[in-house]
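Student: Got a sequence here, can you model it:
(2 chains)
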Amino acid sequence: MKPAKSVIEIWLWGGPCQLETFDPKPDAGVDYNNGLGAIPTASKDMEIHEWLPKLAACADLFSVVRSMTHPHFGHETATYLMQTGRNPGGGETYPAIGAMLSMMKADQYHGDLPPFVILTQAKGRFSEVGFLGEKWAPLVTGGNPLAPRFIVDGIVPPGGLTHEQVDARFAALARIDGSAAHDEFDEAGEAARKVISGSAAKTFDLTLEPAKVRDRYGRTLIGQSCLAARRLVEYGVPYITINVPGWDSHKRHFETMKRKTADMDQAVSALLEDLKEKKLLDTTVVWMSGEFGRKPKIDREAPWNGGRNHWCRCFSALLAGGGFRGGCVVGKSNATTDGVAERPVSPVDFLGSICEMCGVDPDGPLPNPKGLKMSVLPKASEAGRLREIYA
Amino acid sequence: MKVSRRLFLGDAAALAALMAGGCAAPNGAADAAHGKAGPLEDADGMATDAVMARRMYLDICGRIPTVEESIRYEQSKDPAKREHLIDALLASRGFADYWSMRYCDILRVKSEFPINLWPNAVYVYHRRIRDFVKTDEPWSHFATALLCTEGSNFRVPEANFLRASAKRTPEGLSEVASLTFLGRATDEYADYFRRVSYKGTREWKEEIVWVEPGEGPSPADFAALLGGRLEDDFAATPVRRVLHWIFGEPKEGFVRPDEKALVKTFRDGGYRLKPLLRAVLLSDAYARGSVTGGFPRRRLDAEVLDDALYDIAGGLRDYQSIAPEPFTFLPPERRSILIEDGSIANAFLLLFGRPARDSGEMSERDNAVTAKQRLYLFNSGKLYERLARMTQRPEVQRKKPAERVNYLYRRFLSRGPSADERKTALSANLAPKDLAWCLLNTREFLYRC
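Tutor: Take a look at the predicted model:
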């Protein structure tokens, strides 16, 4: 099995509820499931929440982990652990999985765009790149993929300039800033110009996609971001993160989740099917999770009025493609999802499995500018990586 | 002192008179003096007056000089003008603003992960650090206060030193204290911090920092060591930091001022920053040119670059930060060097390598130039809009073409163009906003040369 070339991370920012996504509990009672149920899927081993019919129809393409667990109830510490595989504390700030994997796969990538791209906003609570340094920091696109033109600030020359005008400006700049030295300033400038003049900028031009395809993903932030991510995979970018905000549903949980799961259902099912049709799914890992899940028992009293607070003891995540088998369920939660019943999966095992699929040994050394001796990830836990769904 | 401050920090009438003379280098003096190295240094490899003025404003106050300030310095016939400008700037508010940012980097002033001081403490701590810089408090005095103060970290600013560590164990505190005061992180002083305790209060996130009564050494004993057997390192560390901040890492072909002599200056000056900095800025090394003279260039700090773009082009800055909660929104005129909290960030500051303030190590600040940064400066739509708006201002529009070239050079690069450069700029027949774009994308703009 060849290692995966690219990873798409769909980060449901704030912590999506496991019950209304991949671990419904139709028998847990109305205090837990609000009277909502589960639906069968294309996989005989899996039922998911009734709000995800499109994903249910393509459940053979992805697997679900229902026993994610860690000890952090706060967004920032939980995000840090889910992203770096390490507990916060200690003198170092570690890089996120995206920075590590894109750095370690950079020598197999020959595009002009940076090897790590984030659609559209960075997570913001800690630096994704940690101690690896600005060189491995992600390109954070900004902009709005839903707009008629998805403008990634910096990639496309502004002001509607033609190629000739852009070239003339660069020629003038060369005359004004003539220097014999060839240093980091010139190297960075040349790399930047390659992005401007090459095909990289077209990657973000979603108008090149037929309207039918854009509709298929959904005209939503997550939908068009998934489409942009597929285009980035085609271009060869090793790691793409989609940060999807709005899952921190302390209040009005069910109204929020109904809306957000509908958008997510359409976007992610379209992404998986499209990757499959384009024969890219076998070489692309897709994973989706938040920093934690949500409290199984609904908080009906004020001020929550039907909300769900943070819950890290048991939550769900999705894994697909790149050598992961589809249609499987890993681990088991207890009757309400307030704890893991079988096969706990810690963030370090989850991330370690993704590394292995990408041909990166999680126990191998992590090159770093400080010259510190460290492995890509800490040791796997006793339960181990997700070998049961390796193809 | 009074005279020189007025001379450099400006009154309006004198300014108008200066501006009337245009923005070119005086009497073509710079042209005549150009060696092979171009307009930045003279034939002996020394920086020109204009370069020196920009350098001093950037290093002392973290900003580029205004058009007026730059012309005023270049035209001044005062033989001691360098010394006078240094003194005027060291006494200015800008010095306290900029250098407190540097000290906040090494003292880890940050509300959220992994330092978690929370906003209340960030603001009292920042104010205390700024007072230290502004009043030129002896470093020895400040160090003792940081190590020996107990109390609520929301109410007693100094208590935050022992609170602002990602690793709140005796070993972690030893690393933080030794890094701050001795320049190397080591856990060998952990015994001095075993009795440090933290106690929550009913106020959200407030903590009392205190030393439990009992046997064994305390942080105060560590402070005593700094004045005793560790004094050599204690006195040398601030000197090394200043040398790093001004000159970067040692490099071949450039001789930095002698560290030992500077340590003596620092001690003789009562462990104060200003006499030390003054000696560095008055050194011969500091006046070298950066083309053939070996003077190390430094890419402008993220915050300084952000402020420079605002000073030049005005316009919108996007200050929304999801941390700390509740979300932070700052007005566009807010100077980036004055943002107290290391957790408040925007995409621009992150792109240009602002330090995370996680460890207090100086290497956290990344002033490398990357392709992503140059893409932003080449192509950012927002930035281009701001440049276009700037060049539509009457003070630019009303000028004749040659004068406009002079003005734009002066505004971006703090110097007039050489005759050749003016000719090139005029012959290329560039629209003002395109010339502004070119100047913004020169090496000379992006670096302190």
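
Student: Please make it C-alpha for all contacts and neighbour counts, starting now.
Tutor: Will do.

Student: In contact with the nearest residue to residue B:355 once chain neighbours are set aside, which residues?
Tutor: Among residues not flanking residue B:355 along the chain, residue B:365 sits closest, at 4.3 Å (Cα to Cα, 6 or more residues apart in numbering or on different chains). Applying Cα atoms under 8 Å, 6 or more residues apart in numbering or on different chains to residue B:365 gives the contacts B:353, B:354, B:355, B:356.

Student: helix/strand/coil for the third one?
Tutor: Under the three-state scheme (DSSP: H, G, I helix; E, B strand; the rest coil), residue B:355 adopts coil.

Student: Report the contact partners of the closest residue to residue B:362 other than its chain neighbours.
Tutor: Among residues not flanking residue B:362 along the chain, residue B:106 sits closest, at 6.8 Å (Cα to Cα, 6+ apart). Listed by Cα under 8 Å, 6+ apart, the contact set of residue B:106 reads B:180, B:357, B:359, B:360, B:361, B:362.

Student: Ramachandran coordinates for residue B:432?
Tutor: Residue B:432 adopts backbone torsions of phi -50, psi -40, taken as degrees, to the nearest 10.

Student: my bad, should have said residue B:162
Tutor: Dihedral angles (degrees, to the nearest 10) for residue B:162: phi -80, psi -10.

Student: I'd guessed it sits against residue B:148; true?
Tutor: No: assessed by Cα atoms under 8 Å, residue B:162 is found out of contact with residue B:148, at 9.4 Å.

Student: sorry, back to before: most neighbours of all the contacts of residue B:365, which one?
Tutor: Using other Cα atoms under 10 Å in any protein chain shown as the neighbour criterion, residue B:356 leads the contacts of residue B:365 with 26 neighbours.

Student: Pretty sure it sits against residue B:364.
Tutor: Yes: counting by Cα under 8 Å, residue B:356 does reach residue B:364; the two are 6.7 Å apart.

Student: Wait, a helix at residue A:240?
Tutor: No: Residue A:240: not assigned to a helix; according to three-state DSSP it is strand.

Student: what about the stretch 1-150 of chain A, any weak spots by pLDDT?
Tutor: Applying pLDDT under 70 to the stretch 1-150 of chain A flags the ranges A:91, A:125.

Student: Show me where it has its helices.
Tutor: Along the stretch 1-150 of chain A, the stretches classed as helices by DSSP state H, counting those that start in this stretch are A:30-33, A:53-57, A:75-84, A:97-104.

Student: what's the spacing between residue B:84 and residue B:282?
Tutor: 11 Å (Cα to Cα, to the nearest Å).

Student: Please identify which of these two sits among more neighbours.
Tutor: When residue B:84 and residue B:282 are compared for neighbours, residue B:84 comes out ahead with 19 against 14, by other Cα under 10 Å.

Student: how deep is residue 217 tucked in, by neighbour count?
Tutor: With no chain named, the answer covers chain A. Residue A:217 has 25 nearby residues by other Cα under 10 Å.

Student: Oops, wrong one, chain B.
Tutor: 14.

Student: I'd assumed it was in a helix, is it?
Tutor: No: going by three-state DSSP, the assignment for residue B:217 is coil, not a helix.

Student: Surely it is in contact with residue B:196?
Tutor: No: using Cα under 8 Å, residue B:217 is not in contact with residue B:196, being 10.5 Å away.

Student: hmm, who's touching stretch A:255-275?
Tutor: A:20-21, A:51-55, A:58, A:61, A:216-218, A:220, A:222-224, A:226-227, A:230, A:247, A:249, A:281, A:320.

Student: ok now that stretch, how far from the chain's centre?
Tutor: From the chain centre to the centre of stretch A:255-275 is a distance of 14 Å (Cα atoms, centre = their mean, to the nearest Å).

Student: same question, stretch B:43-54
Tutor: 20 Å.

Student: Next, the buried residues of that stretch.
Tutor: Buried residues in stretch B:43-54, counted by 16 or more other Cα atoms under 10 Å in any protein chain shown: B:43, B:45, B:46, B:47, B:48, B:49, B:50, B:51, B:52, B:53, B:54.

Student: Let me see the mean pLDDT of that stretch.
Tutor: The pLDDT scores in stretch B:43-54 average 96.

Student: buried ones in the longest helix seen in chain A?
Tutor: When chain A is parsed with DSSP state H, its longest helix is helix A:253-277. In terms of neighbour count (16+ other Cα under 10 Å), helix A:253-277 has its buried residues at A:253, A:256-257, A:260-261, A:263-276.

Student: re earlier: against chain B, which of the contacts of stretch A:255-275 make the cut? List them.
Tutor: Restricting the contacts of stretch A:255-275 to those touching chain B (Cα under 8 Å from any Cα of the partner chain) yields no residues.

Student: Mark which of those residues are part of strands, please.
Tutor: residue A:320 (DSSP state E).

Student: And for the closest residue to chain B within the stretch 251-391 of chain A, the neighbour number?
Tutor: Residue nearest to chain B within the stretch 251-391 of chain A: residue A:370 (9.4 Å; Cα to the nearest Cα). By other Cα under 10 Å, 10 other residues sit near residue A:370.

Student: Excluding sequence neighbours, find me the nearest residue to it.
Tutor: residue A:131 (7.7 Å).

Student: For residue B:293, what are phi and psi?
Tutor: phi -80, psi -10.

Student: From residue B:254, how far out is it?
Tutor: The value you get for residue B:293 to residue B:254, if Cα to Cα is used, is 8 Å.

Student: One more: residue A:139?
Tutor: 36 Å.

Student: Is stretch A:148-155 in proximity to chain B?
Tutor: Yes: residues of stretch A:148-155 contacting chain B under Cα under 8 Å from any Cα: A:153, A:154, A:155.

Student: For the chain, which segments count as strands?
Tutor: If you meant another chain, say so; for now it's chain A. With DSSP E as the criterion, chain A has strands spanning A:6-12, A:38-40, A:47-49, A:62-68, A:116-119, A:139-140, A:239-244, A:284-289, A:293-294, A:310-311, A:315-320, A:329-330, A:332-333, A:340-342.

Student: meant chain B actually
Tutor: B:34-35, B:38-42, B:151-152, B:196-200, B:207-211, B:298-299, B:320-321, B:328-329, B:447-448.

Student: what pairs with the last one, and is each one parallel or antiparallel?
Tutor: Within its sheet, strand B:447-448 is paired with strand B:298-299 (antiparallel), according to DSSP bridges.

Student: Local confidence estimate at the closest residue to residue A:308 other than its chain neighbours?
Tutor: Among residues not flanking residue A:308 along the chain, residue A:250 sits closest, at 4.9 Å (Cα to Cα, 6+ apart). According to the prediction, residue A:250 has pLDDT 95.

Student: rewinding a little: looking only at neighbour counts, state which of residue B:162 and residue B:148 leads.
Tutor: For residue B:162 versus residue B:148, neighbours defined as other Cα under 10 Å are more numerous around residue B:162 (26 against 20).

Student: how close does that one get to chain A?
Tutor: 14 Å (Cα to the nearest Cα, to the nearest Å).

Student: Can you pull the residues of chain A lying near chain B?
Tutor: So chain A meets chain B at A:76-77, A:88-93, A:124-127, A:131, A:133-135, A:139, A:153-159, A:169-170, A:172-173, A:175-177, A:184-185, A:187-193 (Cα under 8 Å from any Cα).

Student: ok, the residue lying closest to residue B:73 once chain neighbours are set aside - contacts?
Tutor: Closest residue in space to residue B:73, ignoring its immediate chain neighbours: residue B:53 at 6.6 Å, by Cα to Cα, 6+ apart. Contacts for residue B:53 (Cα under 8 Å, 6+ apart) come out as B:65, B:70, B:73, B:74.
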